[in-house]
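In: could you look at this predicted model? Sequence included:
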Amino acid sequence: MRSSIYRLSVEFGDCDPANIVFYPNFYRWFDAATHHLLNEADLGWQQLRTRYGAVGMPLTETGAVYMRPACCGDRLEIETGVVACARQSLRLQHLVRRDGELLVEGFEVRILAATHPDDPKRLRVLEITDEMRNALMQEHNEAGK
């Protein structure tokens, strides 16, 4: 399966008064890590729009388990991988580590969406093409970089 590493430093504004990362920031970072992975697979937002007519890949489900806190100044690595690619959705796993220690395990389920032809305020789900599936499921890992 394809995976990538997204690196970041925890900033003062990412934390609550107890100097612990405020949990919604993990979801922001999961989203950024997903974008990072898609760009590496040559499936960034511009490519999705141009090739498939998609307006994005909205979330349909997400969650996280918090095992250890992260604090201001921590350098984190988020390993993101595609763990399942169904006909109309994909499931990603996010493993957040500090110095190799697993802090948070998260997931996202996303669909590929386009504007609905009958109502521009609605979305319609597109099929994940074989080309996309191959790009997302091919083995790739930049952990050594």
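Out: Yes, it's here. All figures in this text were calculated on a predicted structure; none of them were measured in a lab.

In: tell me where the chain has helices.
Out: With DSSP state H as the criterion, the chain has helices at 24-40, 45-52, 130-137.

In: now, of those, which is deepest in the fold?
Out: helix 24-40 (a mean of 19; mean count of other C-beta atoms under 10 Å). Just so you know, the C-beta spots here come from the backbone N, C-alpha and C atoms, and that holds for glycine as well.

In: which elements pack onto that one?
Out: Applying 3 or more C-beta pairs under 8 Å, 6 or more residues apart in numbering; DSSP states H and E, we find helix 24-40 packed against strand 3-9, helix 45-52, strand 59-66, strand 75-85, strand 90-98, strand 101-110.

In: tell me which of these sits most buried.
Out: Using mean count of other C-beta under 10 Å, strand 90-98 ranks as the most buried of the helices and strands packed on helix 24-40, with a mean of 20.

In: okay, H140: pLDDT?
Out: On pLDDT, H140 comes in at 56.

In: with A143 instead?
Out: 46.

In: need the outlier residue of the protein, farthest from its centre.
Out: Distance from the centre of the chain peaks at D118, with 29.7 Å (C-alpha atoms, centre = their mean).

In: got the phi/psi numbers for that residue?
Out: Phi and psi for D118, reported as degrees, to the nearest 10, are phi -90, psi -20.

In: how about the one 3 residues further on?
Out: According to degrees, to the nearest 10, the main-chain angles of K121 amount to phi -90, psi -10.

In: list the contacts for the residue nearest to the spatial centre of the chain?
Out: The centre of the chain sits closest to T34, judged by C-alpha atoms, centre = their mean, with a distance of 2.5 Å. Applying C-beta atoms under 8 Å, 6 or more residues apart in numbering to T34 gives the contacts 57, 80, 92, 108, 110.
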